[in-house]
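*Asks:* Fold the following and give me the result.
(2 chains)
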Amino acid sequence: EVQLVESGGTLVQPGRSLRLSCAASGFTFEDHGMFWVRQAPGKGLEWVAGISWNSGTRGYADSVKGRFTISRDNAKNSLYLQMDSLRLEDTAFYYCSKEGVGPFQHWGQGTLVTVSS
Amino acid sequence: QSVLTQPPSASGTAGQRVTIYCSGSSSNLGYNSVHWYQQQLPGTAPKLLIFSNSQRPSGVPDRFSGSKSGTSASLAISGLQSEDEADYYCASWDDSLSGWVFGGGTKLTVL
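*Replies:* Next comes the predicted model:
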């Protein structure tokens, strides 16, 4: 069974940094592209970033480009999101997601990042 | 303002058929597939319902169906059940943005 478990979400001040992690199990991690998707409280889903199986291709939403970095460690079956220069509008649940038959086929339960002074 | 446009709400009674629409442009739905997601409660994990316009992943009931024509797509739910009450999102790749885009979501109420 595919399992994606996010961690690292917390309360952080504007301008500070935070690193999210996603531990994957139940599938061959190195074979699949991975994503981060977020959802602000009371709002819809927003794609944040994606990374190919070998880290050769990475993409970012305009709202986070230059501030967030997606990475992965296939040896550790882990996905990461380094978030720098955090803003109030980055407050959201952050979901780790795996591609499959379609994009975002499997999802973790999410981790909450709150940016507030 | 989302790149893909969905009505904020939809409703139907148990047993009815309901259709949710998603409108885009040539840079997304015009040349790329649409995918649909169900989220039972905000802050909980969404579920892939339909991929590549009309395909259902294993385990998704055939009450759910999808279609796409030009720059518009739709998700139909037949035999509406109370457990179908949820938020539904469409998504597609956008060539101009070089990224994935979601619709704003449609909240389905089963009356």
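
*Asks:* and the spatially most central residue of chain A, bridged to which residues?
*Replies:* Chain A has A:W36 as the residue nearest its centroid, 3.0 Å off, counting by Cα atoms, centre = their mean. Bridge pairing for A:W36 (DSSP bridges) gives the partners A:A49, A:C96.

*Asks:* ok, now how distant is it from chain B?
*Replies:* 11 Å (Cβ to the nearest Cβ, to the nearest Å). From N, CA and C alone the C-beta is placed, and that goes for glycine too.

*Asks:* Please apply the same query to A:L112.
*Replies:* The gap separating A:L112 from chain B is 8 Å, by Cβ to the nearest Cβ.

*Asks:* what residues are up against that residue?
*Replies:* Applying Cβ atoms under 8 Å, 6 or more residues apart in numbering or on different chains to A:L112 gives the contacts A:G9, A:A92, A:F93, A:Y94, B:G43.

*Asks:* The first one belongs to a strand, doesn't it?
*Replies:* No: according to DSSP: H, G, I helix; E, B strand; the rest coil, A:G9 belongs to no strand; its state is coil.

*Asks:* show me the contacts for residue 32.
*Replies:* Went with chain A since none was named. So A:H32 contacts A:W53, A:K98, A:E99, A:G100 (Cβ under 8 Å, 6+ apart).

*Asks:* my question was about chain B
*Replies:* B:S92, B:W93, B:D94, B:D95 are the contacts of B:N32 under Cβ under 8 Å, 6+ apart.

*Asks:* now do 10 Å
*Replies:* B:G24, B:S26, B:S52, B:N53, B:K68, B:A91, B:S92, B:W93, B:D94, B:D95, B:W100, B:V101 (Cβ atoms under 10 Å, 6 or more residues apart in numbering or on different chains).

*Asks:* When you compare pLDDT across the contacts of A:L112, which one is lowest?
*Replies:* Within the contacts of A:L112, B:G43 has the lowest pLDDT, namely 87.

*Asks:* what number of residues lie near that one?
*Replies:* Residues within reach of B:G43, counting by other Cβ atoms under 10 Å in any protein chain shown, total 14.

*Asks:* close enough to count as contact, it and A:R38?
*Replies:* No: counting by Cβ atoms under 10 Å, A:R38 is not a contact partner of B:G43; they are 11.3 Å apart.
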